[in-house]
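>>> generate a structure from the sequence data that follows.
(chains A and B)
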Number of protein chains: 2
Amino acid sequence: MNRINELFGIKYPIIQGGMIWCSGWELASAVSNAGGLGLIGSGSMYPDVLRAQIRKCKNATYKPFGVNIPLLYPDIEEHVNIIIEEGVKIVFTSAGSPKKYTAKFQSHGIKVVHVIANKKFALKCVEAGVDAIVAEGFEAGGHNGAEEITTMCLVPMIADAIDIPLIAAGGIGSGKAMLAAMVLGADGVQIGSRFIASEECSAHINFKNKVVDADEGATDLTLKEVTPVRLMKNKFYDKIQDAYSNNASKDELKQLLGKGRAKKGMFEGDLDEGELEVGQVSAMINTIIPVADIISEIVQEFDVEKSKISTL
Amino acid sequence: MNRINELFGIKYPIIQGGMIWCSGWELASAVSNAGGLGLIGSGSMYPDVLRAQIRKCKNATYKPFGVNIPLLYPDIEEHVNIIIEEGVKIVFTSAGSPKKYTAKFQSHGIKVVHVIANKKFALKCVEAGVDAIVAEGFEAGGHNGAEEITTMCLVPMIADAIDIPLIAAGGIGSGKAMLAAMVLGADGVQIGSRFIASEECSAHINFKNKVVDADEGATDLTLKEVTPVRLMKNKFYDKIQDAYSNNASKDELKQLLGKGRAKKGMFEGDLDEGELEVGQVSAMINTIIPVADIISEIVQEFDVEKSKISTL
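Below you'll find the model as predicted:
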């Protein structure tokens, strides 16, 4: 029995990453209904929106689903309380200390998973008593670790360091990559970018199309002084590069980033001025299809590749 | 039959990366004698040294071995001629156009493999008629591609784009990682860092010990304006960071790098002022052992992991 399937009560050890502006109840419930674990990405939601999204998700699936919360969210206490009040059973936390809310959530019967990008934090998670860890490599979209450790190097290192269930993230959008991650020591995978190019994703169609059109080199990990983030190269990205050329200070970079660019790009479809967060694996994503098809493609490829292993 | 084993006439599809200052005839012949493919790293050798190294390697093994040449090497024509004169049968080229010498080498019965870090160059290699390609990810030590594509993303993308044999590099130092790379679509692997921590490697013992001591975050891809290189953090690296803080120009960075730092660090063991090129996988390397033991550990782990796949 797979430890991730067992922990969450799911069929396939495929977790859909909780992405701001991209993962509302429609995406999360579709993933859960297809046998994976869907996550509502609360990082872009006001408290009342989050509550409504959770309720809609409960109406859309009888299967387990979860909520992802970045712990640096300003309304974090309210989010925590809503999650508990609404009876959510699984929470993925990131961008903060796993010690802060793990015990509280668990006292309400909630499974807690924390996202890390290095061994130091993985060990802190174990100490904090989390139920599982997501190890996210450099190639992943969105916010990212300062050490820039890739999935290939991070996953076996974390698998050696911890005994609790391990979910690999970063660069995974196919059954082949899923199998590779599990060979490296993961019990399951978290997939983000691939689900952006799904029918159920709440991202603007312009952004979905841009992900599908992306080729190699379409993304870069930038704004490292502010907070490292992998995003697509566009006009806004060019402005960042210009700022670097002009030796911009951290404050100037923050000012350039401003507020609301992620919403503008990913949700409103402004491909020039918006911040478009996606992983390197976007170069391999070529279709916008229903979630159920994405998951069945991944599972089928996983099985085919598994059966070919003996010939290696 | 594995295509890489067949191409080179070797037992295991394990190629030892040709690393400056680290891979002379002792390392190359030890790898070839153990069933892999050893490569003499000519990038740090004067022509007469290269000729002597090739002759010593021929005396030390009856098995196939090769020479790696960075095509930007100043004495490149002389190197090319020596390789042909000495009857070397396998050449790995990098850092330049695959069109330049591939046909010439092949007209002398030499197999040519070119190292790339993106799809654009992989397609150029196919056009140039190379016999195989090494796809090297962002996590690899030493000089690296500008797109920063990781092994997890690069290998399946290149495998989809080409039909000729494919060797994965970057982040591979174990049987587990080797199997993962082959699941991603590689026919074989090129391993660098792991062989630095071998008895036969020509690196200074100080550098070998530093590789063994390395933990996560010990390396960084830096000097991107000059030519991107992954190296270990040390006093010299701190000076680079200081230069960046002071908005150093490309020329100032070049001046700081100067000449001879790689030799000073890796060959002479000056851990403060030397340039120490190694991959992220150094965090997982903990022993300095004979090459034969490294290869047998990798092959055994590969087989064990392969046999466990059916339980996934």
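>>> only C-alpha atoms for contact and neighbour calcs from this point on.
Fine.
>>> isn't residue A:214 up against residue A:282?
Yes - proximity of residue A:214 to residue A:282 meets the contact threshold set by C-alpha atoms under 8 Å, at 5.9 Å.
>>> backbone dihedrals for residue A:65, please?
phi -140, psi 170 (degrees, to the nearest 10).
>>> tell me the contacts of it?
With contacts defined as C-alpha atoms under 8 Å, 6 or more residues apart in numbering or on different chains, the neighbours of residue A:65 are A:28, A:29, A:32, A:37, A:38, A:39, A:40, A:88, A:89, A:90.
>>> so what's the fifth one bridging to?
Legend: beta-bridge partners of residue A:38 under DSSP bridges are residue A:65.
>>> from what I can see it touches residue A:28, true?
Yes - Residue A:38 lies in contact with residue A:28 (C-alpha under 8 Å); the separation is 3.8 Å.
>>> of the two, who's got more company?
residue A:28 (35 against 31; other C-alpha atoms under 10 Å in any protein chain shown).
>>> quick one: secondary structure of the more buried one?
helix (DSSP: H, G, I helix; E, B strand; the rest coil).
>>> can you pull the contacts of the closest residue in space to residue A:271 that isn't next to it in sequence?
Of all residues not flanking residue A:271 in the chain, residue A:265 sits nearest, at 5.5 Å (C-alpha to C-alpha, 6 or more residues apart in numbering or on different chains). Contact analysis of residue A:265 by C-alpha under 8 Å, 6+ apart lists A:207, A:271, A:272, A:273, A:274, A:275, A:276.
>>> which of these lies closest to chain B?
residue A:276 (17.5 Å; C-alpha to the nearest C-alpha).
>>> got the contact list for residue A:91?
A:66, A:67, A:68, A:69, A:110, A:111, A:112, A:113.
>>> before we move on, the earlier item: higher neighbour count, residue A:214 and residue A:282?
residue A:282 (30 against 21).
>>> how close does that one sit to residue A:207?
When distance is defined by C-alpha to C-alpha, to the nearest Å, residue A:282 is 12 Å away from residue A:207.
>>> for chain A, what spans make up the helices?
A:3-8, A:25-33, A:47-60, A:76-85, A:102-107, A:119-128, A:151-161, A:175-183, A:193-196, A:205-213, A:235-245, A:250-257, A:261-262, A:291-308 (DSSP state H).
>>> quick check, the longest one touching chain B?
Spelled out, that is helix A:291-308. Yes - contact of helix A:291-308 with chain B (C-alpha under 8 Å from any C-alpha of the partner chain) involves A:305, A:306, A:307.
>>> quick one: end-to-end distance for stretch A:172-188.
11 Å.
>>> do the same with stretch A:15-25
14 Å.
>>> in contact with the residue in the stretch 151-300 of chain A that chain B sits nearest to, which residues?
Residue nearest to chain B within the stretch 151-300 of chain A (C-alpha to the nearest C-alpha): residue A:180, separated by 4.4 Å. Residue A:180 makes contact with B:179, B:180, B:181, B:183, B:184, according to C-alpha under 8 Å, 6+ apart.
>>> closest to chain A out of the residues you listed?
Looking across those and measuring by C-alpha to the nearest C-alpha, the closest to chain A is residue B:180, at 4.4 Å.
>>> counting neighbours, what do you get for the residue of the stretch 1-150 of chain A found nearest chain B?
Residue of the stretch 1-150 of chain A nearest chain B, by C-alpha to the nearest C-alpha: residue A:147 (5.0 Å). The local packing of residue A:147 (other C-alpha under 10 Å) involves 16 other residues.
>>> doesn't residue B:217 make contact with it?
Yes - counting by C-alpha under 8 Å, residue B:217 is a contact partner of residue A:147 at 5.0 Å.
>>> joint contacts of the two?
Between them, residue A:147 and residue B:217 share no contacting residue, judged by C-alpha under 8 Å, 6+ apart.
>>> what's the closest of the helices of chain A to residue A:136?
helix A:151-161 (6.5 Å; C-alpha to C-alpha).
>>> hmm, that closest one in reach of chain B?
Yes - for helix A:151-161, a contact with chain B is found by C-alpha under 8 Å from any C-alpha, at A:151, A:152, A:153, A:157.
>>> which parts of the stretch 201-312 of chain A sit against chain B?
A:216-217, A:220, A:247, A:280-281, A:283-284, A:305-307, A:309-310, A:312.
>>> hmm, try it at 6 Å
Neighbours of chain B within the stretch 201-312 of chain A, by C-alpha under 6 Å from any C-alpha of the partner chain: A:217, A:281.
>>> what does the stretch 1-150 of chain A give?
residue A:147.
>>> most neighbours among the contacts of residue A:65, which one is it?
That'd be residue A:28 among those, by other C-alpha under 10 Å, with 35 neighbours.
>>> in space, what's closest to residue A:281 - neighbours in sequence excluded?
Closest to residue A:281 by C-alpha to C-alpha, 6+ apart is residue A:171, at 5.0 Å.
>>> the one you found and residue B:168, how far apart?
For residue A:171 relative to residue B:168 (C-alpha to C-alpha), the value is 16 Å.
>>> try residue A:168
In terms of C-alpha to C-alpha, residue A:168 sits 20 Å off from residue B:168.
>>> kindly report the same for residue A:103.
In terms of C-alpha to C-alpha, residue A:103 sits 43 Å off from residue B:168.
>>> what about these two, which has more around it?
More crowded of residue A:103 and residue B:168, by other C-alpha under 10 Å: residue B:168, with 32 against 17.
>>> how about the contacts made by the residue nearest to the more buried one when sequence neighbours are not counted?
Once flanking residues are discounted, residue B:168 sits nearest to residue B:189: 4.7 Å by C-alpha to C-alpha, 6+ apart. Shown in contact with residue B:189 (C-alpha atoms under 6 Å, 6 or more residues apart in numbering or on different chains): B:14, B:167, B:168, B:169.
>>> what's the local residue count around residue A:304?
Count around residue A:304 with other C-alpha under 10 Å applied: 13.
>>> sorry, back to before: let me know which of the helices of chain A is tucked in deepest.
helix A:193-196 (a mean of 29; mean count of other C-alpha atoms under 10 Å in any protein chain shown).
>>> can I get that helix as PDB, trimmed to CA atoms?
C-alpha atoms of helix A:193-196 as PDB (Å, rounded to 0.1, in the frame of the first residue of the first chain):
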ATOM      1  CA  SER A 193       1.900  23.500 -13.900                       C
ATOM      2  CA  ARG A 194       0.200  20.600 -15.700                       C
ATOM      3  CA  PHE A 195      -3.000  21.400 -14.000                       C
ATOM      4  CA  ILE A 196      -2.900  25.100 -15.100                       C
END
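>>> got a pLDDT number for the residue nearest to residue A:270 when sequence neighbours are not counted?
In this structure, residue A:270 finds its nearest non-sequential neighbour in residue A:264, 5.7 Å apart by C-alpha to C-alpha, 6+ apart. On the pLDDT scale, residue A:264 is placed at 98.
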